[in-house]
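1. Structure here, sequence nowhere to be found:
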Ligand code: RIB
Ligand code: CA
């Protein structure tokens, strides 16, 4: 069993990652930390609790993290995820409250109390992770592994021409995390943009009448409209569930050990992530990067797990 702390900015694909966590017996979700990103931290904290309760994980503690990036102004993405962050989906007010204390302190406490046992999955801007590293640098040696959704290595950006959303929103936090020495696995747009959830995939799920499939339909309908209007993609890119799946099914992707950096200069490249493939800088690789993917292997896993979860609540 893999014990996971999820740092997330739900967000439609974040919500799908939470549903996948609920449908994955391979993992134990020990806690969720909400971060600013797709919507405000107040909203991501509420959305995390609502989606956890929808998926039968209302017992999982949720902590509120940072409201703002370390240096930059906040950037939200209502055009992508809707003003409330879950597209057209309407979930009941969460019955649970967030736990007291800052999410970065919860992350430190979990990692330091269980050395080598906690896997961190970060699928939003990396502000909370960077803050935890600065507060308690020993988390670097005591975390088991860190799976990060972010960056675009040889793929165009989805927020600027070069930059992916999570690293653009808080490039300084990404810089701290990327240079921390943590054992990292990066899931960049290079692989996530090959994993498109389509209307056919959705129609397969809708054969099951369940609040789970209704939520997936109502949330992804908005997300598909965004992808069609802004990127002429038929379907929607489900970045975050792919990242979570790699914690227990790494064979979905092929990896390269690379020296990866993020641009924190103030020019047009801010937030851009790049790999020194020819090692000009003679630096050691700082992470494993998923650069190849088996899209249908992942999508079949995702659909089968969603069908199982939907039947649980039908
Ligand atoms: O660029 C995609 C990433 O940014 C995803 O994690 C999405 O939820 C947003 O946070
Ligand atoms: Ca996210």
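-> Happy to help now that I have it. Computed from a prediction, not measured in an experiment: that's the story for all the values here. Residues are numbered from 1 along each chain as shown. Ligands and ions are numbered 1, 2, ... in the order given.
2. Next to ligand 2, which bits of the stretch 51-200 of the chain? Give me the list.
-> 123, 124 (Cβ under 5 Å from the ion). (C-beta placed from N, C-alpha, C; glycine too.)
3. Flag every residue of the stretch 51-200 of the chain that's near ligand 1.
-> 123, 124, 149, 158, 164, 165, 166 (Cβ under 6 Å from any ligand atom).
4. which one among the residues you listed gets closest to residue 191?
-> Using Cβ to Cβ, residue 149 comes nearest to residue 191 of those, at 10.1 Å.
5. Show me what that closest one is bridged to.
-> Applying DSSP bridges to residue 149 gives these bridge partners: residue 187.
6. Next one: residue 66 from ligand 2, what distance?
-> When Cβ to the ion, to the nearest Å is the yardstick, residue 66 and ligand 2 sit 14 Å from each other.
7. what's the closest non-adjacent residue to that residue?
-> Closest residue to residue 66 apart from its sequence neighbours, by Cβ to Cβ, 6 or more residues apart in numbering: residue 127 at 4.2 Å.
8. before we move on, what about residue 108?
-> Beyond its immediate neighbours in the sequence, the residue positioned closest to residue 108 (Cβ to Cβ, 6+ apart) is residue 136, lying 4.4 Å away.
9. Pull out the buried members of the residues of the stretch 51-200 of the chain next to ligand 1.
-> Among those, those that count as buried by neighbour count (16 or more other Cβ atoms under 10 Å) are 123, 124, 149, 158, 164, 165, 166.
10. wait, doesn't the fifth one sit right on residue 187?
-> No. Counting by Cβ atoms under 8 Å, residue 187 is not a contact partner of residue 164; they are 10.4 Å apart.
11. shared neighbours of these two, anything?
-> Residues touching both residue 164 and residue 187 comprise residue 150, with contact defined as Cβ atoms under 8 Å, 6 or more residues apart in numbering.
12. Mind picking the one among the buried ones among the residues of the stretch 51-200 of the chain next to ligand 1 that's closest to residue 23?
-> Distance ranking of these against residue 23, using Cβ to Cβ, places residue 123 first at 16.4 Å.
13. Which of the buried ones among the residues of the stretch 51-200 of the chain next to ligand 1 fall in strands?
-> Residues of those located in strands (DSSP state E): residue 149.
14. Near the residue of the stretch 201-314 of the chain found nearest ligand 2, how many other residues are there?
-> Of all residues in the stretch 201-314 of the chain, residue 240 sits closest to ligand 2, with a separation of 5.0 Å (Cβ to the ion). By the other Cβ atoms under 10 Å criterion, the neighbourhood of residue 240 contains 29 residues.
15. Same question for the one 3 residues further on.
-> The local packing of residue 243 (other Cβ under 10 Å) involves 29 other residues.
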